[in-house]
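Novice: next come a sequence and a model predicted from it.
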Amino acid sequence: MTSLIRKNASGHAADGDANLLVNEVVGITGGIGEAARLSRAAAYDVFLRGLLPARDGVALLAVGGLGRRQCAPYGDLDLVLLHAGVPGIDEVAASVWYPIWDAGLRLDHSVRTVAEALSVAQDDVKVALGLLDARLVVGDRALADSLIRTAADHWRRTAVRHLPGLREVTEARWQAHGELAFLLEGDLKEAAGGLRDVGLLRAISAAGITDALRPAVRAAHLRLLDTRDALHQQVGRRVDRLVAQERDGVARLLGLRQLQPGASDAARQPGVVVEDGDALLRRVAGDARTVSHALDDAFRAADRLRSGRSRNGGGRPVRRPVARDVVEHDGELVLARTAIGARPDPSLSLRVAAAAAATRLPIARATCEWLAAYCPPLPAPWPADARAALTTLLGAGPGLVPAWETCDRYGLVDNWLPEWTRLRSLPQHNPVHRYTLDRHLVQTAYEASRHARDVERPDLLLLGALLHDIGKGLTGDHSTVGVPLAQAVATRIGLPPAEVELIGTLVRLHLLLPDVATRRDLADPVTIASVAEAVGDTGTLDLLHALVRADAAATGPAAWSDWKGRLVAELVARVRTALDTGVLPEPPTPDPALLDGPLPVVHMTGDRVSVAAADRRGLLATVAGCLALHRLEVISADASVFDGRALVECRVQPRYGLPPDPVPLRADLRRAVAGDVSVTQRLRGRALAARGGGAAPRVVWHREAATDAVLLEVRAADAAGLLYRVAGALDEAGALVRAARISTLGADVVDAFYLVGGWPDDTTRARLEAAVLAAV
């Protein structure tokens, strides 16, 4: 800004000129990038210099973003009015603060002497960090320099002592805000790996503990600042959370584009790209991981410095061998001297990673850099040492994730698996997933190591876990698309053809067990026979069962539950019997409690609700609706007629909160199945109120999936009472439902209904489908 400000006799800017300058300052919020941030800082400096008269013993200091000249478009002004005990300082402060507020600018301010500022910094480490960014804007330079120099010197002398407490505060912040790298709507400032953590790196570097602001970190920092600039500009106000609805707009402002898998054929022509907010998420995730890894490294450097100072006698740290060519030195892993040569072993980086994972010790930064620069690519097929090291690495348990992340930050993983470049930081938009795709794969391998003793080939389980979702991000069903990719990796690693084929089977069938267990009738022999035919043998069945549990644990808590685990275990047990004996298990007999006593009978145990009543149409819909009224979600339902009694057996779980009171639930069930009109009216009113929007529902037919029925799948948005509405529509359309399975996938459900009879007539099926869609 080049505007000149005329001052009146008192030294203040003239009101008209000050107002003009305020308007100019407020109008400079636009612009993305370092040049725009410097321009904003310069404009604010000019504005602030017009507010403080020239006077000895008073100085206006900028801290925070303005102190670093990294002003966001709608950021705060963080100012300290420093004085040497001069009289009338409150009036001076008012003459500075009020014009800032009048300009509509957000202000964080304080008025202190040098002694007061240093005292507060000594008691509050956050203030101490803030003073490291302090910069004189206008006023007494000697006074400002005194505080800035003293605060920096004090931090250098006390940083090692303060960092453990600072780390505790930082970890609490991470717990509250999550990891930016894995959040679909992360806070660019407060989340782990965000801008606040870069401030910590700057402070650690200022203390001389380690070179925390290396080029990769600086580049990541600038990109995060650019992202925040674009977010402010997109929203038109101060906001640090990158929410989904702003993602594409921010990506466009940053000029980020990528080829979008699944786009139209025209969009996928060579040289044509599609604007995509996923490119932004991937860039933010990569930058956040760079920052997080650097901060972990910096905290470890501080720990080593502190332990070195406390070491008795000032002795040198002990070196001890931990694996071939790998030595522990001062709490980190480094290369043995004999490993460093003109022609390093191609498997060396994998062996170092395996040692780090097994010992849970970090790899020294210099070692990672040397391996990245000098370790040659692995030949195809891999040597036996490399395969063994990969198995050790994947099976190391808790040490796997940090070791893999370190190697990934330095590009070592790309040398092992070139496919990893496409997978890195790929977002997964289903809210059930808590990690990006690459981290999910590594996490699945870690979870799979817990089941290594449950299978005959734990090495294949670990590799299958790492590769099970390798097809994601490409057009088509990832379970199918991923098979040749996973088999290519297995071949390159050096597995024999039979094991390569088995890896492909694990990838292709890794969703089979949970899909069948939650969507099909496990008492139907056709269900068991189809799974047994697909799996082929008990060894593969065990591998798939372990992979399912590992995949669910790595996905997130919403992906697994006790009831789902029981269903999968029941399916595995039945399929194992079929594979071992060749005999399909008999369907279970009804609950004996339902077969005795006068009707209606209501029996409730744990997560099961069973009802016996006089046979009539619509009984399943009535029971499902009554359960929905009491906030119970039906997971599976079976309807049958036994010895003249109509039986409905449901597995349920609370939709939210605590389970309902069983006494009124049992009473409502008895009245409802007996035909009480008041209960059915409540059911219809609640069902209408529960209808919602969302994507258009679909109906899919499966004609060969059951022994005596055709299967109708309803894919729709999840809603309370959905089973009641669909079952009621099927009943009114003349269909007899013998069983239902409900599978919740985030905000959507796949409800499967077994309809007795073949329903061969296209016209009849179309009428039934229309009735179901109208009910949904």
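Specialist: That came through, no problem. These numbers come from a predicted model, not from an experiment. Residues are numbered from 1 along each chain as shown.
Novice: three-state assignment of G31?
Specialist: Here G31 is coil, with the state taken from DSSP: H, G, I helix; E, B strand; the rest coil.
Novice: next, count neighbours for it.
Specialist: Counted by other CB atoms under 10 Å, the residues lying close to G31 total 14. C-betas here are computed from N, CA, C, even on glycine.
Novice: check G504 too.
Specialist: Burial measure for G504: 20 neighbouring residues, criterion other CB under 10 Å.
Novice: so where does Y44 fall, helix or strand?
Specialist: Y44 is part of helix 34-49, with elements assigned from DSSP states H and E.
Novice: residues touching the closest residue to H510 other than its chain neighbours, list them.
Specialist: Among residues not flanking H510 along the chain, H468 sits closest, at 4.6 Å (CB to CB, 6 or more residues apart in numbering). Going by CB atoms under 8 Å, 6 or more residues apart in numbering, H468 touches L441, T444, G482, A486, L506, V507, H510, L547, D551.
Novice: switch to 7 Å and redo it
Specialist: T444, L506, V507, H510, L547, D551 (CB atoms under 7 Å, 6 or more residues apart in numbering).
Novice: list the backbone torsions phi and psi for the fifth one.
Specialist: The phi/psi pair for L547 (degrees, to the nearest 10) reads phi -60, psi -40.
Novice: domain boundaries for this protein, per the record?
Specialist: Per automatic domain parsing, the domain ranges recorded for the chain read 15-163, 178-309, 321-375+394-416, 430-588, 600-775.
Novice: which stretches of the stretch 101-250 of the chain form helices?
Specialist: Shown for the stretch 101-250 of the chain, the helices assigned by DSSP state H, counting those that start in this stretch span residues 114-123, 125-131, 141-177, 195-206, 215-235, 244-254.
Novice: can you lay out these as CSV showing distance to A498?
Specialist: CSV is the format used below for these (distance: least, CB to CB, whole Å):
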stretch, distance to A498
helix 114-123, 67
helix 125-131, 59
helix 141-177, 45
helix 195-206, 48
helix 215-235, 43
helix 244-254, 45
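Novice: now the strands for the stretch 401-550 of the chain?
Specialist: Counting by DSSP state E, counting those that start in this stretch, the stretch 401-550 of the chain forms no strands at all.
Novice: can you list the low-confidence ranges for it?
Specialist: Residue ranges of the stretch 401-550 of the chain with pLDDT under 70: none are present.
Novice: hmm, back to that, would you reformat the contacts of H468 as TSV and include neighbour count and distance to T158?
Specialist: Formatted as TSV, the contacts of H468 follow (neighbours: other CB atoms under 10 Å; distance: CB to CB, whole Å):
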residue	neighbour count	distance to T158
T444	28	44
L506	22	54
V507	27	54
H510	24	53
L547	27	51
D551	24	47
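Novice: let's have those residues in TSV, adding distance to A181.
Specialist: What follows is these, written out as TSV (distance: CB to CB, whole Å):
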residue	distance to A181
T444	17
L506	27
V507	25
H510	24
L547	25
D551	20
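Novice: re the thing from before, nearest to G397, of the helices of the stretch 101-250 of the chain?
Specialist: helix 141-177 (21.9 Å; CB to CB).
Novice: mind listing what's buried along that closest one?
Specialist: Buried residues in helix 141-177, counting neighbours by 16 or more other CB atoms under 10 Å, are found at 143-144, 146-148, 150-152, 155, 159-160, 162-163, 166, 170, 173-174, 177.
Novice: and if you look at stretch 380-393?
Specialist: Residues W382, A386, R387, A388, A389, L390, T391, T392, L393 are the ones in stretch 380-393 that count as buried (16+ other CB under 10 Å).
Novice: helix or strand for D580, just tell me which one.
Specialist: Following DSSP H and E, one finds D580 within helix 562-581.
Novice: check which helices and strands that helix sits against.
Specialist: Packing contacts for helix 562-581, counted by 3 or more CB pairs under 7 Å, 6 or more residues apart in numbering; DSSP states H and E, involve helix 512-519, helix 525-535, helix 538-555.
Novice: for those helices, which one sits closest to G88?
Specialist: Scanning these with CB to CB as the criterion, the closest one proves to be helix 538-555, at 63.7 Å.
Novice: so, low pLDDT: which residues of this structure?
Specialist: Across the chain, residues meeting the criterion (pLDDT under 70) sit at 1-29, 258-275, 308-315, 677, 679-680, 682-695, 744-747, 758-760.
Novice: and if we set it to 50?
Specialist: Applying pLDDT under 50 to the chain picks out residues 1-23, 26, 260-275, 312, 688, 690-691.
Novice: circling back: which strands and helices lie in contact with the helix holding Y44?
Specialist: Applying 3+ CB pairs under 7 Å, 6+ apart, one finds that helix 34-49 makes contact with helix 15-26, strand 135-139, helix 215-235.
Novice: now do that helix against helix 215-235, angle only.
Specialist: 70 degrees (axes from the mean of the first three to the mean of the last three CA atoms, to 10 degrees).
Novice: just to revisit the earlier point, make CSV from the helices and strands packed on helix 562-581 and add distance to L723 to it.
Specialist: Rendered in CSV, the data for these read as follows (distance: least, CB to CB, whole Å):
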stretch, distance to L723
helix 512-519, 14
helix 525-535, 20
helix 538-555, 23
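Novice: and of the ones you listed, who's closest to L280?
Specialist: For L280, the closest of the helices and strands packed on helix 562-581 is helix 538-555, at 23.2 Å, according to CB to CB.
Novice: how far off centre is the helix or strand harbouring A353?
Specialist: For A353, the host element (DSSP H and E) is helix 348-359. Taking CA atoms, centre = their mean, to the nearest Å, one finds helix 348-359 lying 26 Å from the centre of the chain it belongs to.
Novice: if we look at that helix, which residues are touching it?
Specialist: With contacts defined as CB under 7 Å, 6+ apart, helix 348-359 is touched by 322-326, 333, 339, 362-363, 367, 371, 375, 385-386, 389-390, 392-393, 396, 399-400, 403, 407, 412, 415-416.
Novice: so which of those residues are in strands?
Specialist: Members of these lying in strands (criterion: DSSP state E): V322, A323, V326, L333.
Novice: quick one: contacts for the second one?
Specialist: So the one you mean is A323. By CB under 7 Å, 6+ apart, the residues touching A323 are R351, A355.
Novice: buried residues, stretch 471-486. List them.
Specialist: Buried residues in stretch 471-486, counted by 16+ other CB under 10 Å: G471, K472, G473, H478, S479, V481, G482, V483, L485, A486.
Novice: what does stretch 550-564 give?
Specialist: Within stretch 550-564, the residues that qualify as buried by neighbour count (16+ other CB under 10 Å) are A550, D551, A552, A553, A554, T555, G556, A559, W560, W563, K564.
Novice: contacts for that stretch next, please.
Specialist: For stretch 550-564, with CB under 7 Å, 6+ apart as the criterion, the contacting residues are 432-434, 440, 443-444, 447-448, 451, 465, 468, 510, 514, 518, 607, 635, 651, 653.
Novice: gap between the two ends of it?
Specialist: For stretch 550-564, the separation between the terminal residues is 14 Å (CA to CA, to the nearest Å).
Novice: now find how far off-centre that stretch is within its chain.
Specialist: Here stretch 550-564 shows a centroid-to-chain-centroid distance of 14 Å under the convention CA atoms, centre = their mean.
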